[in-house]
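Engineer: structure of the sequence below:
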Amino acid sequence: MDLFNTTARIIHPIQVCTLYPPYTNSLGLWNRSDVKHLNFSLPVVNVNFTIPMQRFTLPVLELEMLSIFILTQLSHLFLRPLGLPIFVAELLAGLCLGDGGAGVLIENYFKTLFHVSPQEILGTLTLFSYTMFIFLSGVKMDLSIVLRTGAKAFHTGALAMVAPLLLGAIAQFMLSYYWKLNKQENLQLMFVLTTYSMTSFPVIAYLLEDMKILNSELGRLGLSASIISDILGVFLMAVSTLARILDKSIGLAILDLAAVTTFTLSVIYVARPAMLWMVRQTPEGRPVKPMYISIIIMGVLVSALLSHWYHMTLVFGPMVLGLVVPDGPPLGSTLVKKFDPIVSGVLMPMFVTIGMLKANPFDLSLVSNVSKANAVLVFVIVFAKFLFSLLPPILSRMPLKDALAIALILSYKGVVEMASYGIARDSKVIDSEVYTFAMAVVFMTAIVVPVLVRVLYDPMRKYAGYQKRNIMHSTADSELRILTCINRPDTTPAMINLLDVSCPTKETPISLYVLHLIELIGRATPVFISHQLQKKTLSNYSYSENVILSFTHFQRENHGAAFVNIFTSISPTDYMHEDICTLALDKLTSLIILPFHRKWTPDGSIEFEDPTIRSVNCSVMERSPCSVAILVDRGHMESVESVASRQASYRVAMIFLGGSDDREALTFAKRMVKDSCIKLSVIHFVVSSEVASNGQKQKTHNWDKVLDHEILKEVSQGASGDGDFLNMGYMQEMVKDGTQTAMILRSLVDDYDFFIVGRRFSLRTTHTSGLDEWSEFHELGVVGDLLASTDVSTRASVLVVQQQKTSS
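Structural biologist: So this is what the prediction gives:
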């Protein structure tokens, strides 16, 4: 019995002669004893040429794969600037290699390059790739999101599935009556109805990841809604398959239902406990044994075979097995790391291209009644899906543009729909006209949806700073809201010491939001945990346990002066900045503190660097809704208690050159002098009169100079004993250029324990002339980069501050 348990469509066989078993290896590159010739004809320029082509299986397969990848990459090279995903390039490659492209220009094309024997091998590879793709999609899928999903996501996903199905069923009945369709044609329309009504989670996840909005509010809503819709769709397909079997044999339907139930229970109560045992047998931080991985892959193949035996779709078993794999490290992440690159990067592009190659553009006609009915039915289903996906967001008062974007996303079609139509075509459920029209719809949605979503939805729009959220504009007696990011547990002590040095008091408390960042591996759905709301033990809870204990202790030590809220974000590193900026926006923080991506050893050497952390820091600085600071920890940062215990003072230097970033840094530094153990020195670098008299143009505004003068006047009064800051000193350093500035800074590094500087990015003045070319990390600014350089031997840590960028 075929995959869909039906052979309703009448197939007229075509006789093709081929040699079995086919030859695998060629006789050599220079052997011309058994070759066929590809005759190229380019009518536009009237050029004809011939290429000899051997017909051995392996060389032909290699040439087919090479053709697919060359055309895919060349197409993507030109389509990427337009914002189109590589999926479009894969479809376009299939179109070029099919009947509408190479089949027209090359004589004997399908007899030589894509004839029967290589197609069987290529078909086996692509079917295996799709089976693995569905299994890995199950591994990445987090079913617990169904229990946590909100009403908006649930209603959106349910309506996106149910409404098109009901309206499509009514439309199918009317179309069947109008065009007098027979049983075979109605069967094709039923398949079109069920397939187009579904919304596939892997397809939506791929689209959101490609558009880099996976972690956005829109992305999370799309993922949640697609999971709801996909679960309903899988249930519908299983019921419809059993119904078709019931139509032929009641006994066989009962037997298949018993087999499906037994298989599902075996996977849940046998396979999953076995996988959990594998996890327990793997020491923390150690790789999973290769034998365990091999057993699971064998289980994937066996589950696909069993699915075929009890007449379900081939990928039913692998999907169920993937869903029970423990997500995250070590098992789920290992499976994804090992197989996702080869499946998504090599095999699935072949699957997509071959699927499009089978579509003949010359079959794209609306001549027969079934093709006309199919076109009308597809239009009704797509319109209904778009409309009813739009209603719940609008009723929940989502902005119209965002609602339109989520409706477009849920109407997107991709590789899962291509696979369904491909299997149906090969199983004689649908004819070539219906298949070609389906591929045309997939091709159109792949082009239109990403472009329109990018026009409608800008994830950076919500970060536009029209409201002042920085330290300078916070009132002196109000709480200071700070978001501290922890990407590794060993950065926690330095962050706590910095917060301790900032001297929180009951009169000027700190409201601290701690975000523990964990890389998402082996899962497609990002997770955001509030540890104040989440009381249950989660699989990733242990990763944040040390962070929670450390900051809880900090809150107890500063009772009434510090209020701590802890969160955990499990997301891809490319989207971590979205969680950071969104949390800062929601909590109305004035400052975000990020750890530097480089870690030093106590002896001053570099222990390691993490480029992904640097990428996150740069992304946050570009779009942050408030001020941002980067802490460069040299490994010797002390707390106030440790300094007081040895009856010493903690020496802090604030380097002031001028500008909004320096004023923000100075405002934060002034909070520190409330503690008698801390001695703050404000070092003001001033351009000497000799250089200023040359008329050199300073790229600073006069208003900035006025603001600099006002904030420094308060500092100078405090330094002279007339102000409120008796632990603060003020000094001026006259400089001629950047070279002299660097020399003075190098002479100061051993005199202080901690430096606070402004970033002053893209602000060119005489103070730093000539130093920009030597900067290694632009996110630290010129002065911060100099103090954090490996050329400067110091134990002092550095805090680089950037004031909030406001929109005009």
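Engineer: only C-alpha atoms from now on, for both contacts and neighbour counts.
Structural biologist: Fine.
Engineer: which residue ranges of the stretch 551-700 of the chain form strands?
Structural biologist: 562-571, 591-595, 598-600, 606-609, 627-632, 650-656, 678-687 (DSSP state E, counting those that start in this stretch).
Engineer: need those in TSV (columns: mean neighbour count).
Structural biologist: Below are the strands of the stretch 551-700 of the chain laid out as TSV (neighbours: other C-alpha atoms under 10 Å):
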stretch	mean neighbour count
strand 562-571	21
strand 591-595	26
strand 598-600	18
strand 606-609	12
strand 627-632	25
strand 650-656	22
strand 678-687	20
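Engineer: helix or strand: which one has residue 195?
Structural biologist: Assigning secondary structure by DSSP states H and E places residue 195 in helix 183-197.
Engineer: show me what that helix packs onto, helices and strands only.
Structural biologist: Under the contact criterion of 3 or more C-alpha pairs under 8 Å, 6 or more residues apart in numbering; DSSP states H and E, helix 183-197 touches helix 151-179, helix 369-395, helix 415-426.
Engineer: ok, which of the ones you listed comes nearest residue 312?
Structural biologist: Closest approach to residue 312 among those (C-alpha to C-alpha): helix 415-426, 12.3 Å.
Engineer: hey, C-alpha coordinates of the closest one in CSV?
Structural biologist: Provided in CSV are the C-alpha atoms of helix 415-426 (Å, rounded to 0.1, in the frame of the first residue of the first chain):
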residue,chain,number,x,y,z
VAL,A,415,9.6,22.7,2.7
VAL,A,416,7.0,20.7,4.7
GLU,A,417,4.3,21.6,2.2
MET,A,418,6.6,20.8,-0.6
ALA,A,419,7.3,17.3,0.9
SER,A,420,3.6,16.6,1.3
TYR,A,421,2.9,17.5,-2.3
GLY,A,422,5.9,15.6,-3.5
ILE,A,423,4.9,12.4,-1.7
ALA,A,424,1.4,12.8,-2.9
ARG,A,425,2.6,13.2,-6.5
ASP,A,426,4.8,10.1,-6.3
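Engineer: buried residues in it?
Structural biologist: By neighbour count on 16 or more other C-alpha atoms under 10 Å, the buried set for helix 415-426 is 415, 416, 417, 418, 419, 421, 422, 423, 424, 425.
Engineer: which residues touch the helix holding residue 195?
Structural biologist: For helix 183-197, contacts defined as C-alpha atoms under 8 Å, 6 or more residues apart in numbering pick out 8-9, 160-162, 164-165, 168-169, 172, 176, 233, 237, 370, 373-374, 377-378, 381-382, 385, 417, 420, 429-430, 434.
Engineer: tell me the buried residues within those residues.
Structural biologist: Buried residues within those, counting neighbours by 16+ other C-alpha under 10 Å: 9, 160-162, 164-165, 168-169, 172, 176, 233, 237, 370, 373-374, 377-378, 381-382, 385, 417, 429-430, 434.
Engineer: run through the stretch 401-550 of the chain and note the low-pLDDT ranges.
Structural biologist: The stretch 401-550 of the chain contains residues with pLDDT under 70 at 462-467, 475-477, 533-543.
Engineer: using CSV, lay out the strands of the stretch 551-700 of the chain together with distance to residue 743.
Structural biologist: Listed next are the strands of the stretch 551-700 of the chain as CSV, based on distance: least, C-alpha to C-alpha, whole Å:
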stretch, distance to residue 743
strand 562-571, 39
strand 591-595, 27
strand 598-600, 23
strand 606-609, 23
strand 627-632, 21
strand 650-656, 14
strand 678-687, 12
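Engineer: want to throw those strands into CSV with distance to residue 795 and mean pLDDT?
Structural biologist: Formatted as CSV, these follow (distance: least, C-alpha to C-alpha, whole Å; pLDDT from 0 to 100):
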stretch, distance to residue 795, mean pLDDT
strand 562-571, 28, 88
strand 591-595, 17, 93
strand 598-600, 10, 83
strand 606-609, 13, 81
strand 627-632, 11, 93
strand 650-656, 12, 89
strand 678-687, 17, 87
